[in-house]
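Sequence plus predicted model, see below.
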Amino acid sequence: MKSSLTFHKVIVGLLVIYLLIPLVGTFLFSIAGKWDHTILPESYTMDWYIELFQDERFYDAFRRTLFLIVMSVGLSVVIMLPTIFIITVYFSKWEGLLQAAAMLPYGIPPIVGAVGLIKVYSDGPIQIAGTPWILIGAYFITILPFMYQGIRSSLRTINAVQLVDAAELLGATKFQSFRTVVFPNIISGILVSTLLSVALLFSEFAFANLLVGGRFETIQIYLADKLNSSGHLTSAIVITYYSMILLLTGIVLKLTFRNEKNPVVSNKKRILSFFKKQHCNKNTAIEGEK
Amino acid sequence: MKVDGNWFNERTVKPIPKLLENKEEREVLRKIKKQKIYLLALLLPFILFVIGFEIGPLVAMIKNSFYADNGIQVTIDQYITIFKSKFYLQAIQNSLVISLFSAVTSVIIAVIAAYSITKFSQKIQNRLLMIANMTSNFEGIPLSFSFIILLGNNGLFTLLFSKIGGDVFADFNLYSWTGLILVYIYFQIPLAIMLIYPSYQGIKKQWKEASSLLGGSTLSFWLHIGIPVLLPSIVGTFSILFANSMGAYATAYALVGSNYNLLSLQIASLVASDVALKPQLGSAMGVLLAATMIGAMWFNERMMRRIRRDLR
Amino acid sequence: MNYVTIDQVTKGYENQVVLNDISLTLKKGEFATLLGQSGCGKSTLLRSIAGLEGVDVGRILIDGKDITNLSPRQREVGMVFQSYALFPNMSVFDNIAYGLKMKKVKNIKSKVKNMIDMVDLIGKEESYPHQLSGGQQQRVALARALVMEPKVLLLDEPLSALDAKIRKSLQKELKRIQKELDITTIFVTHDQEEAMTMSDRIFVMNKGKVVQSGSPSEIYTSPVNTFVAKFIGNYNVCNMEVFHKLVRSTELKGNEVAIRPEVLQLVSAGEDSLDLQENWGIKGVIKDVSMTGNVLRYEVETDESAFLVDYLHHRGEMFEQGARVHILVPKKECIIL
């Protein structure tokens, strides 16, 4: 047993190095002064970051991205929360339909989605191709699976149906029971899927590039445009951007750590378990006997 | 009247009117109906979004793929064009090969790595998964950029190796098939690890113990129990990774631009480039790409049935 | 002739002793139970016999052969786990056949068939574990272990995950199969009732030691210490000084006295025909009455401590809560600890 642990250490070590090299390399490049023939940079500098933070284009792109995210995630919360609540509590026979609609985007890559969106919105009654509005719609659909699963599982965890029954028996109206009993209990669950969605949209490039492109420059478009200019400056953008993503996912992990056994994998696992839904159910049936 | 979560459903409401004699109860019923309409109205925005941005565009794409370039004649010419064109077939083949290769490689690496991870203490396991989670968010444009500064024409490693070792990397070209594979594998591995790792937790220590008490060796345990139990998750992960790289656009776009003939890049240039827009042809290719995704899921389903009869 | 011998086995983790110098022997065909609370070391002892855990000191012999350092697969013992540990990807038939296949035995089919017959699972051969009920899964686990014709059968709380009714019937069936095959069996449980009904011999364990061993009735009627008395039979255990005060007599000597609840008698406070030759009388008030099926349990509060008194539930009279009573304590039923 002991000797084989060395084997596992080597495997894991190699893995970690492989995974971290591009990140570490980019980080070093972003703070390197002169660096072309040594293993580590010869000198360090913060110039690239200073240059970046003086670039109006960067701020503009950042603001636009933020606008898109706030709009689409906000819309998603406002629309999905009542939708999922109403369907689970009052129209449970439609749950299958809701799930199918909500999970479908996971199987459609943006490149496919974009083809149809361009077709629908470049002519006809609503011509919003090339404007941020089409992106908001596309993003609403992009984050649908995550928002759906987050809200759905929060409702399930707190046993919303029974809570609402209890509240209504005690004289609350539907709206009251939602506002006072259900909502406060699922905030943290929703927060997690919201933050995940924010992180996801931060890294969204395909829709942005295909549907709008340079007409509404998001952070990813800006980055793609800078790819061919100074490597150091672009490194600084990448690191800045990636830090934000890390921060977001960090908060997500922290939040999930409180209520889940294995938060690091749970979100991804949920997706897989959707993928093999029936099989999972049967597996738990075995364990259910315990 | 029964009061439970569904007291409002048609099912429970319908039979009641016959029994209703007094006015008060009829009043209640009317109120319930009114509330129901009110609730349905709240579902409207969702339905609009789904039709407008999910179902609608999909249907439009499929429909559009059956039109000629002029958008008037109904025809299957677009598909014929694709299957007659060496160029487009090449794009599909390239995408398939890259996706297959990167998915298989990543799954193999992840199966081994995830097993190694389970050998460490819980604390270290969590750390390692954290790293996997962290790096799984590093994809698309930023990832491609990282590889460019490391391994590109003037990349750090490229320069370094040419100075130290000479020819090791001389033949290596990031902006090519090998480069794409390398980057694809990079973003697939963390995802694969996170998808496969949980199923190792599903392998109970007691199964190993039972197997050894019944005379089984470690090898026979893995052969007869361990791997069959892992298989659904391996196949499922493979399908996800395959679909993931079939649809990958940003990474390829940033790395090879239009230098390499990939399905996703071709679709993009047919529907949203500055030159030679052919939306109908693009739609047909989009349909084909979607079909491969469905194929991947179908494969997942089929394999599962074959290998694990117990999951039927 | 001893068939299984555990000789001075000691085992510890880091700074905690789990098995403390345990020695015990079993005869062939005996049904022995390791009884104790969780964490007493009973499961560890069982796993050590199976070879799933090593021991630090001591020897384990089965049928005269020292197996202390053999791997599990060489030990010829069978084990049934608490969670069954059935292989989820294999049918009932394949689960049971697994060990035979590993050993490359002939006539696998007929052997498995016989076993399926014995555990009453005919018709379920092609089912998968998740399609079976808990009780059925447990039968498969038992069959899987028994088909190997092990020298010793180890059962690690095999019934604890089942509900009461299935549990009772499986207890009987397990016992029947054990007798039929005359297989030496070591059973681990924390349920004293289960231990009583099933065992030829019980080893009561506490803190890594065997504190008492004997037949179920020996253990029940003469516990050697407070732990056993309380764990086995809801004994009323009373400090001797307190007892002296209560009965106004210092006849008994020792630290504590233990009295089974069902030997005590209650008499209305008004009655004076108390037999104080054979008994002691203690004044008390009924504080609570509860019923568990056919047994009425009174909790009687006295000046110093509370006593439990069990009555078979006859149709006739019953003491009300708050009634003043005398507890009659038969002198010869007092066990001094």
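Perfect, thanks for sending it.

What ranges in the chain fall below the confidence cut-off?
I'll assume chain A. Chain A contains residues with pLDDT under 70 at A:1-3, A:36-38, A:257-290.

Actually, chain C is the one I wanted.
Applying pLDDT under 70 to chain C picks out residues C:272, C:315-317.

Can you tell me which residues in the stretch 201-312 of chain B are near chain A?
By CB under 8 Å from any CB of the partner chain, the residues of the stretch 201-312 of chain B that approach chain A are B:201-202, B:232-233, B:236-237, B:239-240, B:243, B:246-250, B:253-254, B:264, B:267-268, B:271-272, B:279, B:282-283, B:286, B:289-290, B:293-294, B:297, B:300, B:304, B:308, B:310-311. Bear in mind the C-beta positions are built from the backbone N, C-alpha and C, glycine included.

What remains of these if I keep only buried residues?
Among these, those classed as buried by neighbour count (16 or more other CB atoms under 10 Å in any protein chain shown) are B:202, B:232-233, B:236-237, B:239-240, B:243, B:246-250, B:253-254, B:264, B:267-268, B:271-272, B:279, B:282-283, B:286, B:289-290, B:293, B:297, B:300, B:304, B:308, B:310-311.

Narrow the residues of the stretch 201-312 of chain B next to chain A to those in strands?
With strands identified by DSSP state E, none of the entries of those belong to them.

what's the distance between stretch B:136-144 and the middle of its chain?
Mean-position distance between stretch B:136-144 and its chain equals 16 Å (CA atoms, centre = their mean, to the nearest Å).

Please apply the same query to stretch C:178-191.
11 Å.

Need the residues that contact that stretch.
With contact meaning CB atoms under 8 Å, 6 or more residues apart in numbering or on different chains, stretch C:178-191 is reached by C:3-4, C:26-38, C:42-43, C:46, C:49, C:118, C:146, C:150-160, C:195, C:198-199.

If we use 6 Å, what do you get?
For stretch C:178-191, contacts defined as CB atoms under 6 Å, 6 or more residues apart in numbering or on different chains pick out C:3, C:26, C:28-34, C:37, C:42-43, C:46, C:152-157, C:195.

what's the answer for stretch A:45-58, then?
The contact list for stretch A:45-58 (CB under 6 Å, 6+ apart) reads A:30, A:33, A:232, A:233, A:236.

how about the helices in the stretch 101-250 of chain C?
Taking DSSP state H, counting those that start in this stretch to define them, one finds helices in the stretch 101-250 of chain C at C:108-118, C:134-146, C:164-181, C:192-198, C:216-221, C:226-233, C:240-247.

wait, does the second one contact chain B?
Right, helix C:134-146. No. Helix C:134-146 stays clear of chain B (CB under 6 Å from any CB of the partner chain), getting no nearer than 7.0 Å.

Show me what that helix is packed up against.
Under the contact criterion of 3 or more CB pairs under 6 Å, 6 or more residues apart in numbering or on different chains; DSSP states H and E, helix C:134-146 touches strand C:77-80, helix C:92-103.

one more time with 7 Å
strand C:77-80, helix C:92-103, helix C:108-118, helix C:164-181 (3 or more CB pairs under 7 Å, 6 or more residues apart in numbering or on different chains; DSSP states H and E).

Kindly report the same for the shortest one.
Using 3+ CB pairs under 7 Å, 6+ apart as the contact criterion, the secondary-structure elements in contact with helix C:216-221 are strand C:201-206, helix C:226-233.

Could you rerun that using 10 Å?
Secondary-structure packing of helix C:216-221 (3 or more CB pairs under 10 Å, 6 or more residues apart in numbering or on different chains; DSSP states H and E): strand C:31-35, helix C:192-198, strand C:201-206, strand C:209-214, helix C:226-233.

Please spell out which residues along it are buried.
Residues C:216, C:219, C:220 are the ones in helix C:216-221 that count as buried (16+ other CB under 10 Å).

and of these, the nearest to chain B?
Using CB to the nearest CB, residue C:216 is the member of the buried residues of helix C:216-221 that sits closest to chain B, with 28.3 Å.

ok, the closest residue to chain B within chain C - contacts?
Nearest residue of chain C to chain B, counting by CB to the nearest CB: residue C:99, 3.3 Å away. The neighbourhood of residue C:99, defined by CB atoms under 10 Å, 6 or more residues apart in numbering or on different chains, consists of B:210-211, B:213-216, C:73, C:78, C:105, C:108, C:144-145, C:147-150.

Out of these, name the ones that lie in strands.
Within those, residues falling in strands by DSSP E are residue C:78.

Go through the contacts of residue C:99 and name the one nearest residue B:186.
Checking those against residue B:186 by CB to CB gives residue B:211 as the nearest, at 36.4 Å.

Can you get me a residue count around the closest one?
By other CB atoms under 10 Å in any protein chain shown, the residues close to residue B:211 number 25.

Please apply the same query to residue B:227.
Neighbours of residue B:227 (other CB under 10 Å): 15.

my read: it touches residue B:111, true?
Yes. Between residue B:227 and residue B:111 there is a contact under CB atoms under 10 Å: 9.1 Å.
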